[in-house]
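1. Quick check, what structure comes out for this input:
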Amino acid sequence: MSLQKASEELRYLLNRGYKKSSALTFICNHYQLNKKDRHFLARSIFSSHHTEIITSKKRPIESIHNQDISIDGYNVLITTEAVLTNQAIICDDSVVRDTRGIFGKYEISDLTEKALSHIYALLNQYAPSSVTFYLDKQVSHSGDLCTLIRPHFPCNTVTHVDNHLASLNTITATSDSILIKKINHFIDIPFEVMLSIHL
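-> Just a heads-up that it's a prediction; the model follows:
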């Protein structure tokens, strides 16, 4: 119950112009929330203004047909894995995000292959003209993961994925709100996977 109340009050503060970091600290301290709950609020609760910006840039999966598509590799893969393990949420801005808090570390597993197969299936179904995956070079096993992806689609490791994707400014598969604000259009592949497995 306290998490629901905290969500409502954080949203209230954000809608009145408070900085998210300050509002989040205040709410979490007030309700004595743990690190997991803080992460949940940070990932899922946004102001109405933020939501309007994000939703205006979201494109349906059908729109990728005959378009050049860039994939925010770890972001999409980790979130798709979260969808498959029921650890993902639909946030205030209607974007699906994971709740696990995987930062700077990733281990290739059977779940990797399963998530990638769902991602490939969607991409093949809607037939973009080109698809390129981009992975953060500094994350462990990025090279191995790229090797795993390359038989299906091109994959590159780069030092700053967000900056690179922002400079390309193609239709980008990501749930990263900071990146989304820098580009014109994005698609939410984990959201589509969530729809497909719950049909």
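
2. per-domain residue ranges of this structure.
-> For the chain, the structural domains run 2-45, 59-197, going by automatic domain parsing.

3. tell me the contacts of A82?
-> A88, R97, D98, T99, R100, P190 (CB atoms under 8 Å, 6 or more residues apart in numbering). Where C-beta positions appear, they are placed from N, C-alpha and C, glycine not excepted.

4. which residues are in contact with the helix or strand bottoming out on mean pLDDT in the chain?
-> Here the helix or strand of the chain ranked lowest by mean pLDDT, DSSP states H and E is helix 35-44, holding a mean of 90. If you take CB under 8 Å, 6+ apart as the criterion, helix 35-44 is touched by 3, 6-7, 10, 20, 24, 27-28, 33, 89, 91-92, 97-99, 101.

5. Tell me which of the residues you listed fall in helices.
-> Among the contacts of helix 35-44, DSSP state H puts L3, A6, S7, L10, K20, L24, I27, C28 in helices.

6. I'd guessed the second one sits against T25; true?
-> When you say that, I think you mean A6. No: the pair A6 / T25 is not scored as a contact, 11.9 Å apart, by CB atoms under 8 Å.

7. who's more crowded, the two?
-> Set side by side, A6 and T25 show more neighbours around A6, with 21 against 12, by other CB atoms under 10 Å.

8. check contacts around that one.
-> I27, C28, H30, Y31, L33, D37, L41.

9. Return the residues in contact with the residue nearest to S129 when sequence neighbours are not counted.
-> Counting by CB to CB, 6 or more residues apart in numbering, the nearest residue to S129 once its immediate chain neighbours are dropped is N66, at 5.0 Å. By CB under 8 Å, 6+ apart, the residues touching N66 are A127, P128, S129.
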